[in-house]
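> okay, sequence plus prediction incoming.
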Amino acid sequence: MEAAHAHHGHQGHDDHAHGHPTGIMRWIKSTNHKDIGTMYLWFSFTMFIVGGIMALIIRSELFQPGLQIVQPDFFNSMITYHGLIMVFGAIMPAFVGFANWLIPMQIGAPDMAFPRMNNLSFWLLPPAALLLIGAQFMPGGGAGVGWTMYAPLSTQAGPAMDLTIFAIHILGISSIMGSINIITTVLNMRAPGMTLMKMPLFCWTWLITAYLLVAVMPVLAGAVTMTLTDRHFGTHFFNAAGGGDPVLYQHIFWFFGHPEVYIIAIPAFGVVSQVIPAFSRKPLFGYASMVYATASIAILSFMVWAHHMYTAGMPVEAQLYFMYATALIAVPTGVKVFNWVATMWRGSLTFETPMLFALGFLFLFTLGGFTGLVLAIVPVDVQLHDTYYVVAHFHYVMVAGALFSAFAGIYFWLPKWTGRMYNETLGKLHFWLSLIFFNVAFFVQHFLGLAGMPRRIPDYALQFAEFNAISTIGAWGFGLSQLLFLYIVIQCIRGGEKAPEKPWEGADSLEWTHLPTPAPWHSFETPPVLK
């Protein structure tokens, strides 16, 4: 009996005997979903700063024509690792941090299904990040192959490429473990009465995202493993001289890569679907249609990968199919945008920082979606492929989409996480600085792309000088604005005023008699009434 009691696990007998681990060991050994969510978020912000510094190196070099600051090889390396670190180190871990913090609380579970696996899936990230950063210091510098790591560049790059491949393997293992954990938690650990169609939408978006990750991460692993064997073991998967095909790499990569952009976007949809109803003071419009739309986007995301490859040589029938299939994704996305707008329609709106970021997301993500629709059209894309138009398009989706949504979520849940309020004035300042500088940095890139400026080049023709200068100023402004965000968060944790029981209930000092509690928004019929 005593043995059984001692075996009761890390929270039972052991803790009374040895006390909780304190100091750094509390974090290293933690199996608590909140601690792990916090570590994910801090790791993500650290990588955001690292990736941001790389972006500023890129933009500073492009401030004027000619080669000023860095060598072309190093420039290409910055392009590569900026992309990899932002995608796998900054954006994805941020939303996994949200998932860890919120999913157990939103479905009424005591923790994640596999707490120790949760700990491991976080602690795989720092070594992978060190590999990506350390790759810059390998003989011959980092691998300047682009974040897509196309063969034959990647099969001929220096030893940094091997570190990069290893890092991606580790990141993939982490993602798969985290996803298995999320799927199991959502399907098996909901509180009684919490049916799937009563879950907050954030849980739905992460359930769908987790399935996407489990499906496509092994595909990426396959692509980089084939690259590895081509490099060292004499295989010729991507070498035409040995009967392989470099375009095969593109097919495998983008079969991962297109669902990947939705792996980033779908949790962002989930966050926005929590924030907008809260500040509209009414339930989310069209809950069921949101669930079906999200699932449709996920399924369609597997069927459009070759729209990244219109110029790689494919039959015109295939181009036609991929063009129509890509346009089709706009339909469920449009349903979501409609529902968000309909949620705000005649709501009692207030515009605190989380709502501002959610609205910034709504406008700019929609714009990014439209430029995506433009690029879906084959003859247009043949002109715009590999120009700055594409760069502008996906930064509108990634930064104004995913990142703004993450900011909205952090400001929205900080009072719940820390028990303290952040400085609202500074939060709004952070929003406006981010919004303005983001558009200064990236809007002009549409024009550069339309005028024919290729992406991933350290030098350019004189005709592109003005817009590049504007873009660089915007990038520096955006980057420096994020230091304000860091200050706001630290000040909130250290000494913000105590958060009220329901921080967003009396927004703008209005009192609401009937506000949806943090339970699923859609289960309330009557709109809130002003006292």
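Yep, that arrived. Numbers count the residues shown, from 1 in each chain.
> quick one: residue 89 from residue 171, how far?
Note on residue 89: its distance to residue 171, by CB to CB, to the nearest Å, is 8 Å. From N, CA and C alone the C-beta is placed, and that goes for glycine too.
> list residues touching both of those two?
125, 128 (CB atoms under 8 Å, 6 or more residues apart in numbering).
> ok but residue 458 is inside a helix, no?
No - Residue 458 sits outside any helix when classified using DSSP: H, G, I helix; E, B strand; the rest coil, being coil.
> wait, it touches residue 72, no?
Yes - counting by CB atoms under 8 Å, residue 458 does reach residue 72; the two are 4.8 Å apart.
> settle it for me: which of those two has more neighbours?
Legend: neighbour count by other CB atoms under 10 Å for residue 458 and residue 72, higher for residue 458 (20 against 13).
> show me what contacts the nearest residue to that one once chain neighbours are set aside?
Once flanking residues are discounted, residue 458 sits nearest to residue 75: 4.0 Å by CB to CB, 6 or more residues apart in numbering. Applying CB under 8 Å, 6+ apart to residue 75 gives the contacts 57, 58, 61, 144, 458.
> neighbours of the second one, how many?
Each residue near residue 58 was counted by other CB under 10 Å, and the total is 20.
> cool, residue 36 as well?
Neighbourhood size, residue 36 [other CB under 10 Å]: 26.
> what about it, distance to residue 491?
From residue 36 to residue 491 the distance is 24 Å (CB to CB).
> where along the stretch 201-350 of the chain do the helices fall?
If DSSP state H, counting those that start in this stretch is used as the criterion, the helices of the stretch 201-350 of the chain fall at 201-232, 246-280, 287-300, 316-344.
> which helix or strand contains residue 80?
Under the criterion of DSSP states H and E, residue 80 resides in helix 72-84.
> now do the buried residues in that helix.
For helix 72-84, the neighbour count (16 or more other CB atoms under 10 Å) marks 74, 75, 76, 77, 78, 79, 80, 81, 82, 83, 84 as buried.
> remind me which residues of this structure are low pLDDT?
By pLDDT under 70, the low-scoring segments of the chain are 1-19, 506-531.
> now with 50?
Within the chain, the ranges that satisfy pLDDT under 50 run 1-17, 508-531.
> check the gap between the spatially most central residue of it and residue 162 for me.
In the chain, the residue lying closest to the centroid (CA atoms, centre = their mean) is residue 91, at 3.3 Å. Residue 91 is 25 Å from residue 162, where distance means CB to CB.
> same deal with residue 380?
According to CB to CB, residue 380 stands 38 Å off from residue 162.
> repeat that for residue 138.
Counting by CB to CB, the gap from residue 138 to residue 162 is 8 Å.
> also residue 407?
Separation of residue 407 from residue 162 (CB to CB) stands at 36 Å.
> out of the two, which sits in the busier spot?
For the pair residue 407 and residue 162, the greater number of neighbours falls to residue 407 (25 against 18), based on other CB under 10 Å.
> the more buried one - nearest residue in space that isn't next to it in sequence?
Of all residues not flanking residue 407 in the chain, residue 357 sits nearest, at 4.5 Å (CB to CB, 6+ apart).
> which parts of whatever helix or strand that neighbour lives in are buried?
Element membership for residue 357 (DSSP H and E) is helix 353-376. Neighbour counts using 16+ other CB under 10 Å place 353-362, 364-369, 371-373, 375-376 of helix 353-376 among the buried residues.
> and the helix or strand following it, what does it pack against?
Where DSSP H and E defines the elements, the next helix or strand beyond helix 353-376 is helix 378-384. Secondary-structure packing of helix 378-384 (3 or more CB pairs under 8 Å, 6 or more residues apart in numbering; DSSP states H and E): helix 316-344, helix 353-376.
> buried residues in helix 378-384?
378, 381, 384.
> the helix or strand where residue 170 lies vs helix 246-280, what angle?
Using DSSP H and E, residue 170 falls within helix 160-188. Note on geometry: by axes from the mean of the first three to the mean of the last three CA atoms, to 10 degrees, helix 160-188 and helix 246-280 are set 50 degrees apart in direction.
> list the buried ones in helix 160-188?
Neighbour counts over helix 160-188 (16+ other CB under 10 Å) mark 160-183, 185-186 as buried.
> got it, and stretch 464-477?
Neighbour count says stretch 464-477 has 464, 467, 468, 469, 470, 471, 472, 474, 475, 476, 477 buried, by 16+ other CB under 10 Å.
> the fifth one contacts residue 440, doesn't it?
Yes - in this structure residue 470 lies within contact range of residue 440 using CB under 8 Å: 6.3 Å.
> need the overlap of contacts for those two.
Overlap of the contact sets of residue 470 and residue 440 (by CB under 8 Å, 6+ apart) is empty.
> thinking again about what came up before, mind giving me the packing neighbours of the helix holding residue 170?
Judged by 3+ CB pairs under 8 Å, 6+ apart, helix 160-188 is in contact with helix 72-84, helix 92-107, helix 115-123, helix 125-134, helix 201-232.
> for the first one, C-alpha coordinates in CSV please.
Meaning helix 72-84. Output of helix 72-84 as CSV, limited to C-alpha atoms (Å, rounded to 0.1, in the frame of the first residue of the first chain):
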residue,chain,number,x,y,z
PRO,A,72,26.0,38.0,-50.5
ASP,A,73,26.6,34.6,-49.0
PHE,A,74,25.8,35.9,-45.5
PHE,A,75,22.8,37.7,-46.9
ASN,A,76,21.4,34.5,-48.3
SER,A,77,22.1,32.7,-45.0
MET,A,78,20.1,35.5,-43.2
ILE,A,79,17.2,34.9,-45.7
THR,A,80,17.2,31.2,-45.0
TYR,A,81,17.4,31.3,-41.2
HIS,A,82,15.1,34.3,-40.8
GLY,A,83,12.4,32.2,-42.5
LEU,A,84,13.1,28.9,-40.6
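> centre of the chain to that helix, how far?
Averaging C-alpha positions (CA atoms, centre = their mean, to the nearest Å) puts helix 72-84 20 Å from its chain's average.
> next: the longest one.
If you compare the mean C-alpha spot of helix 201-232 with that of the full chain, they lie 14 Å apart, counting by CA atoms, centre = their mean.
> ok, now stretch 278-296?
20 Å.
> that stretch: end-to-end distance?
This stretch, stretch 278-296, spans 25 Å end to end (CA to CA, to the nearest Å).
> check which residues of that stretch are buried.
By 16+ other CB under 10 Å, the buried positions in stretch 278-296 come out as 278-287, 290-291, 293-296.
> with stretch 92-105 instead?
Using 16+ other CB under 10 Å as the test for burial, stretch 92-105 gives 92-104.
> can you classify residue 70 as helix, strand or coil?
Look at residue 70: counting by three-state DSSP, its state is coil.
> what's the burial count for it?
Neighbours of residue 70 under the rule other CB under 10 Å: 16.
> ok, it - contacts?
With contacts defined as CB under 8 Å, 6+ apart, the neighbours of residue 70 are 57, 61, 78, 458.
> make CSV from those residues and add distance to residue 229 to it.
Listed next are the contacts of residue 70 as CSV, based on distance: CB to CB, whole Å:
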residue, distance to residue 229
57, 32
61, 35
78, 28
458, 31
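> just name the closest of these to residue 148, please.
Closest approach between the contacts of residue 70 and residue 148, by CB to CB: residue 78, at 15.1 Å.
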